[in-house]
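**Q** I'll drop the sequence and a predicted model, then ask my questions.
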Amino acid sequence: MKITFQGATREVTGSCILVETENEKFLVDCGMFQGEDAYEKNSKPFGFDPKSIDFVLLTHAHVDHCGRLPRLVANGFKGKIFCTPPTAELANLMMLDSAKIFLNEQNRNATEPLYYDYDVANTKKLFSLISYGKEAIVMGGIKVVAHDAGHILGSCIFEVNINDRGVVKKIVFSGDLGNSPSVILKDTETIKGADVVFIESTYGNSVHEPRIQGKNKLKNIIKEIILEGKNLVIPIFALERVQEILYDLNDMVEREEIPFVPFFLDSPLAIKTMESYRKYAKDYFNKHANALISAGDDIFAFKGLKFTPNIKQSFSIKKVRPPKVVLAGGGMISGGRIRGYIEEYVKGSNNHVLLVSFQAEGTLGRELLDGKKEIKIGKNKVFVRAKISNILSFSSHADEPKLLNWAEAIVDPKPKQFFVIHGEEETSINLAEAINKKTGVVSIVPELNKEYEI
C-alpha cells in the first residue's frame, strides 16, 4: 500500500492524502490551501489523475479539508464522497461560499476561479452518507467506520480496514480532533487499535487555557469595551467557533453577567450554518446542550443579538455608535466580511480586535497575532493602533496533551507507525517526538508529494 501526501504536511491547510492499494485508489479529504501563496497552490494540477480516484473519505466540512472537491470533480472525478449527513450539508454551503468568493476575486484581481457553482452542484450529487459507528463497505475489500471527532458538527475519524494482498490492515485517519469537552458537541471518541495512524498536529506544541478561563476573559473584554465605549470586532469561522461563542454569550446574557450591548453576527455563511446546527442537534449535540434546547432555550440567540445576512444591513453596523460587538466572517482575516472592517478598525485606538481562531502563516490574522504594528491591506499600509487580544480556549482543535492522550489510548494493537500531519513544521516535529517518547511508536512528519510504503 502506498501513501502520498498532497497537502497539509509541515503546514496546516490543504489536507489531501492519496492512498493506493493493489486494486483501489482513494483520497482522504481534498482541502484548500489558505494563507500565503494560496491561489498558486490551489491552482496547480493535482499530483494524480482525478479520473483514477475511486472514492473520497471526507472527514469534515472545513474548507481546508473539502475546499478543492469541486475542482477534483471538474477535472474528472466521478466516484462517491463518503461523509456524515451534517458534513455533506455544511460542505455544500462552504463550497458554494468559496465559489462566490472566487468570482469576486476574478472581478477584482482578474484571477481565474478555481471552480464555479455548477461544479459545486455536481459535487453535491456524489455525496454518500454514513453514520457514526456503522461499518460501511465502500469498495472491494475496503471497510470504513466513522467515529465522532468532536471537532465540528459531523466531523469524523475514519477507521479504514483494507485487505492489502491478503493482509487486513487497520488504518486510522484522525481528521481534526476536537477540543473536548465541547459546550455543544459530544466528546472525541477514542480508537481501540490500529496498525497505522495519521494524526493532526495543529496545536501539537500548545496547551489551551481552560475553557472557563477563556469565557471569563471574553466576559471581561466585553465589560471593558462597554466601560470605555469601544468597538469589539471578533473575526470568526462559520463552523463551530461562532456557535460556541454564541452559546457562551447566550449564557452570559441570560445570567445577566454582562450589561446590555448590541451584538451583530455579520456573516451570511455563519447564519446559514446555524440552520444545520439546529437541524442535527438531537443526534449530534451532547446531553447538556440538548437538555437546554428541550427546556426551550435557543442556545444561539439572546437579547441584543442581530443577524445581518444582507450587505445593506452589514453597512449599517458601522453607523451604530460604540460600544458594540461584531462577530464578522473570516476567522483568519483572509476573506469574508471581516475585510470590510479590518482596515478602519485596526487603525483606530477606540477599537479592540479579538482573535479566537487558528491563524495560518501568511494571513493578516497571523500578522496581528504576532504583534505587527504595520500591516498591508490590499495596496495600503495600515498602522495598528487598536488593541489586539486572543483567546485559545475557543479552539475546536485538541491541544498537545489531548492529542497525546488520544494517541496513547490506541492499543490492541498498538500502532506500528504514526504520521503527524496538518501542523506547521516545528509543531508537527514537536508532536512526533512527544508521541514517540510517550508511546514508543515511530512517528514520522512526512514530506509533501513523497511516497511512503505501509
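**A** Perfect, I can see it now. Numbers count the residues shown, from 1 in each chain.
**Q** going forward, measure contacts between C-alpha atoms and count neighbours the same way
**A** Fine.
**Q** would you state the helices of the stretch 101-250 of the chain in chain order?
**A** 117-124, 211-228, 241-254 (DSSP state H, counting those that start in this stretch).
**Q** reformat those as CSV; add distance to Glu189 and mean pLDDT.
**A** Listed next are the helices of the stretch 101-250 of the chain as CSV, based on distance: least, Cα to Cα, whole Å; pLDDT from 0 to 100:
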stretch, distance to Glu189, mean pLDDT
helix 117-124, 28, 98
helix 211-228, 20, 96
helix 241-254, 20, 95
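**Q** so can I have JSON lines of those helices showing distance to Ser396?
**A** Listed next are the helices of the stretch 101-250 of the chain as JSON lines, based on distance: least, Cα to Cα, whole Å:
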{"stretch": "helix 117-124", "distance to Ser396": "26"}
{"stretch": "helix 211-228", "distance to Ser396": "11"}
{"stretch": "helix 241-254", "distance to Ser396": "7"}
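**Q** now the ones you listed in TSV, with mean neighbour count and distance to Gly67?
**A** Shown next, in TSV, are those (neighbours: other Cα atoms under 10 Å; distance: least, Cα to Cα, whole Å):
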stretch	mean neighbour count	distance to Gly67
helix 117-124	18	10
helix 211-228	16	29
helix 241-254	20	18
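**Q** quick one: which of the ones you listed is nearest Phe55?
**A** helix 117-124 (12.2 Å; Cα to Cα).
**Q** so which elements touch the closest one?
**A** Where contact means 3 or more Cα pairs under 8 Å, 6 or more residues apart in numbering; DSSP states H and E, helix 117-124 is packed against helix 69-74, helix 85-109.
**Q** right, and the helix or strand after the first one?
**A** Per DSSP states H and E, helix 69-74 leads on to strand 80-83 as the next helix or strand towards the C-terminus.
**Q** output the below-cut-off pLDDT ranges for the chain.
**A** Scanning the chain for pLDDT under 70 picks out the ranges 107.
**Q** tell me how it divides into domains.
**A** When the chain is parsed with automatic domain parsing, its domains come out as 2-206+396-453, 211-390.
**Q** comparing the ones you listed, which comes out most buried?
**A** Most buried of the domains of the chain by mean neighbour count (mean count of other Cα atoms under 10 Å) is domain 2-206+396-453; its value is a mean of 20.
**Q** give me the distance between the two termini of that domain.
**A** Using Cα to Cα, to the nearest Å, the end-to-end distance of domain 2-206+396-453 comes out at 5 Å.
**Q** also stretch 430-447?
**A** Start to finish, the residues bounding stretch 430-447 are 15 Å apart (Cα to Cα).
**Q** residues making contact with that stretch?
**A** Applying Cα atoms under 8 Å, 6 or more residues apart in numbering, the contact partners of stretch 430-447 are 5, 9-10, 201, 204-205, 400, 404, 407-408, 415-421, 428-429.
**Q** with stretch 59-68 instead?
**A** Applying Cα under 8 Å, 6+ apart, the contact partners of stretch 59-68 are 13-16, 28-34, 42, 58, 83, 87-88, 90-91, 94-95, 98, 152, 154-158, 175-176, 239.
**Q** same deal with stretch 25-41?
**A** Stretch 25-41 has contacts (Cα under 8 Å, 6+ apart) with 7, 13-20, 42, 52-59, 63-69, 72, 173, 334, 360-363.
**Q** and what of stretch 92-108?
**A** Residues from elsewhere that reach stretch 92-108, judged by Cα under 8 Å, 6+ apart: 61-63, 66-67, 70, 111-117, 120, 124, 269, 272-273.
**Q** how far away is the residue nearest to the spatial centre of the chain from Ser43?
**A** For the chain, His62 is the residue whose C-alpha lies nearest the centre (Cα atoms, centre = their mean; 4.3 Å). Distance, His62 to Ser43, by Cα to Cα: 19 Å.
**Q** any idea how far Ser334 is from Ala328?
**A** For Ser334, the distance to Ala328 - Cα to Cα - is 12 Å.
**Q** with adjacent residues omitted, what lies nearest to Glu424?
**A** Nearest residue to Glu424, sequence neighbours excluded (Cα to Cα, 6 or more residues apart in numbering): Glu11, at 4.2 Å.
**Q** what are the pairing partners of the longest strand along the chain, and which direction each?
**A** Using DSSP state E, we find that the single longest strand of the chain is strand 156-164. Under the criterion DSSP bridges, strand 156-164 sits next to strand 142-148 (antiparallel), strand 167-173 (antiparallel) in its sheet.
**Q** could the ones you listed be laid out in CSV, adding distance to Glu254?
**A** CSV is the format used below for these (distance: least, Cα to Cα, whole Å):
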stretch, distance to Glu254
strand 142-148, 30
strand 167-173, 40
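**Q** quick one: closest of these to Gly296.
**A** It is, among the strands paired with strand 156-164 and with distance given as Cα to Cα, strand 142-148, at 26.4 Å.
**Q** so how far is the closest one off the chain centroid?
**A** Counting by Cα atoms, centre = their mean, to the nearest Å, strand 142-148 is centred 20 Å from the centre of its parent chain.
**Q** please enumerate residues in contact with that strand?
**A** Residues outside strand 142-148 that contact it (Cα under 8 Å, 6+ apart): 130-138, 154-163, 186-189.
**Q** one more time with 7 Å, if that's ok
**A** By Cα atoms under 7 Å, 6 or more residues apart in numbering, the list of residues contacting strand 142-148 from outside reads 131-138, 155-163, 188-189.
**Q** cool, stretch 200-214 as well?
**A** 12, 174-176, 391-393, 398-401, 420-423, 427-428, 430-431.
**Q** kindly recompute the last result at 6 Å.
**A** 176, 392-393, 399-400, 420-423, 427-428, 431 (Cα atoms under 6 Å, 6 or more residues apart in numbering).
**Q** span of it from start to end?
**A** 23 Å.
**Q** how far does that stretch sit from the chain's center?
**A** Put simply, stretch 200-214 sits 15 Å off its chain's centre (Cα atoms, centre = their mean).
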